[in-house]
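Student: just need the structure, nothing else, for what follows:
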Amino acid sequence: MGPLAGELTSSLIGRVAGRYGMERGEVLSQWSLTGSPARHPGGGGVRADAEVVLN
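Tutor: As a prediction, the model looks like this:
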């Protein structure tokens, strides 16, 4: 089950959770962040449009 065109990550997580009879929170409890968030050039804050890579 892959993401739909234009789908937000939160929607995808909800669909996957529902497919396996789980709550969204159960899926999110398995979530781990690796690396660092994308930042604006020149050392600015975290970009709102940073790419989310699911593995």
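Student: center of this structure, which residue is that?
Tutor: residue 9 (4.4 Å; Cα atoms, centre = their mean).
Student: mind pulling up the phi and psi values for residue 46?
Tutor: phi -70, psi 140 (degrees, to the nearest 10).
Student: I'd like to know how many residues surround it.
Tutor: Counted with other Cβ atoms under 10 Å, the neighbours of residue 46 add up to 10. To be clear about C-beta, it is placed using only N, CA and C from the backbone, and glycine gets the same treatment.
Student: what packs against the longest helix seen in the chain?
Tutor: Counting by DSSP state H, the longest helix found in the chain is helix 9-19. Packed against helix 9-19 by the contact rule (3 or more Cβ pairs under 8 Å, 6 or more residues apart in numbering; DSSP states H and E) you find helix 24-28.
Student: can you pull the phi/psi pair for the spatially most distant residue from the centre of the chain?
Tutor: In the chain, the greatest distance from the average C-alpha position (Cα atoms, centre = their mean) is reached by residue 42, at 25.1 Å. Per-residue torsions, residue 42: phi 80, psi 10 (degrees, to the nearest 10).
Student: any idea how far it is from residue 20?
Tutor: For residue 42, the distance to residue 20 (Cβ to Cβ, to the nearest Å) stands at 43 Å.
Student: any idea of the pLDDT on residue 26?
Tutor: You'll see residue 26 listed with a pLDDT of 91.
Student: quick one: contacts for it?
Tutor: Contacts for residue 26 (Cβ atoms under 8 Å, 6 or more residues apart in numbering) come out as residue 17.
Student: circling back: got the contact list for the longest helix of the chain?
Tutor: Against helix 9-19 from outside (Cβ under 8 Å, 6+ apart): 1, 3-4, 23-24, 26-28, 52, 54.
Student: again, only using 10 Å
Tutor: The contact list for helix 9-19 (Cβ atoms under 10 Å, 6 or more residues apart in numbering) reads 1-4, 7-8, 22-28, 31, 52-54.
Student: now, of those residues, which are buried?
Tutor: The neighbour count (16 or more other Cβ atoms under 10 Å) marks residue 27 as buried among the contacts of helix 9-19.
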